[in-house]
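> Provided below are the primary sequence and the corresponding predicted coordinates.
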Amino acid sequence: MAKNKDYSERPQQSQLSRESWKVFQIMAEFVEGFEQLSGIWPAVSIFGSARAGRESPDYLKAEQIAYLLSESGFAVVSGGGPGIMEAANKGGHRGRAPSVGLNIELPKEQLPNAYQDISLHFKHFFSRKVMFVKYASAYVVMPGGFGTLDEFAEILTLIQTGKTRRIPIILVNAGFWSGLLEWMRNTLCVSGTISASELDLVQICEEPQEVVDAIFTHYESRGFEPSLSEQEILLEL
């Protein structure tokens, strides 16, 4: 006997129409991001807490890292907001390469910082995330909260699964990250949910120049430009 289906909770047609039209808004975010960022290569994406004060050691270190990267020819990409994001854009803005902010609209308003040479605005986290990865030659991860951990896990997953090319993932401040890495080593590796070799995707640096040197060391035998096979991977990102 056929079951009687209850359609009482089916979304109204007007809601379905709104959701369908959202596709065009999402497309627009991708198109604008691709057009604005395709010329910033090579670039480094920097992440960290929005709550870091301007006099905090992490803020000052992020600013110096971004400045050295910019002077070395790397566009600096941040989330465009306050804290470490502001520090990254500020340091990049002082240097010779572009300072880029990928701003996100949040229920609690995030005001763009004042140090962005290129400023993009997103409603959707997923399209913004693609922009962080697609044009990055490295990830620099400062101490941060859930958003920072999310971006860190995202790039690890994409590289682990072969959905993006391998790039340096640099954690800054061993004291902040050591507990997480120890848990990964003693729990994830031991339980078999990751392999020990996958922890080699991550390295820790303390000093700003050390971060820059680590990125150049990664690319010294191959150059920054993606290979043809890597270009195909990035196309499908």
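Looks like it came in fine. Residues are numbered from 1 along each chain as shown.

> pLDDT below threshold where in the chain?
The chain contains residues with pLDDT under 70 at 1-13, 16-17, 109.

> break down it into its strands, ranges please.
Ranges of strands within the chain are 43-47, 75-78, 99-104, 118-122, 136-141, 169-172, 202-205, based on DSSP state E.

> which helix in this protein runs the most residues?
Counting residues, the longest helix found in the chain (DSSP state H) is helix 13-37.

> flag every buried residue along that helix.
Residues of helix 13-37 classed as buried under the neighbour-count rule (16 or more other Cβ atoms under 10 Å) are 29, 30, 33, 36, 37. Any C-beta I mention is one placed from the backbone N, CA and C, and that applies to glycine too.

> could you tell me how many residues sit around the spatially closest residue to the first one that is not a sequence neighbour?
Closest residue in space to residue 29, ignoring its immediate chain neighbours: residue 127 at 4.3 Å, by Cβ to Cβ, 6 or more residues apart in numbering. Applying the criterion other Cβ atoms under 10 Å, we find 20 residues in the vicinity of residue 127.

> is residue 127 in contact with residue 30, as I believe?
Yes - the criterion here is Cβ atoms under 8 Å, and residue 127 meets it with residue 30 at 5.5 Å.

> out of the strands of the chain, which is closest to residue 186?
strand 202-205 (15.2 Å; Cβ to Cβ).

> who's in contact with the closest one?
Contact with strand 202-205 is made by 156, 168, 169, 170, 171, 172, 174, 177, 181, 211, 214, as judged by Cβ atoms under 8 Å, 6 or more residues apart in numbering.

> partners of that strand in the sheet?
Take DSSP bridges as the rule and strand 202-205 pairs in its sheet with strand 169-172 (parallel).

> coming back round to it: measure the residue nearest to residue 29 to residue 32 for me?
10 Å (Cβ to Cβ, to the nearest Å).

> residue 25 too?
As for residue 25, its distance to residue 32 is 11 Å (criterion: Cβ to Cβ).

> alpha carbons of stretch 135-153, as CSV, please.
Presented in CSV, the C-alpha positions along stretch 135-153 are these (Å, rounded to 0.1, in the frame of the first residue of the first chain):
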residue,chain,number,x,y,z
TYR,A,135,45.8,31.7,-5.4
ALA,A,136,47.9,30.8,-2.3
SER,A,137,51.5,29.7,-2.6
ALA,A,138,51.6,29.2,1.2
TYR,A,139,49.4,29.3,4.3
VAL,A,140,50.6,31.1,7.4
VAL,A,141,48.5,30.4,10.4
MET,A,142,48.8,32.5,13.5
PRO,A,143,47.1,31.8,16.8
GLY,A,144,43.4,32.0,16.5
GLY,A,145,40.0,30.6,17.3
PHE,A,146,37.4,28.5,15.5
GLY,A,147,37.6,30.3,12.2
THR,A,148,41.4,29.9,12.1
LEU,A,149,41.1,26.2,13.0
ASP,A,150,38.6,25.8,10.2
GLU,A,151,40.9,27.3,7.6
PHE,A,152,43.8,25.2,8.9
ALA,A,153,41.7,22.0,8.7
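
> so for stretch 98-111, first residue to last residue, what's the gap.
Stretch 98-111 has an end-to-end distance of 20 Å (Cα to Cα, to the nearest Å).

> before we move on, the earlier item: on contacts alone, who are the packing partners of the longest helix of the chain?
With contacts defined as 3 or more Cβ pairs under 8 Å, 6 or more residues apart in numbering; DSSP states H and E, the packing partners of helix 13-37 are strand 118-122, helix 125-134.

> can you redo those as CSV with distance to residue 20?
Shown next, in CSV, are those (distance: least, Cβ to Cβ, whole Å):
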stretch, distance to residue 20
strand 118-122, 20
helix 125-134, 17
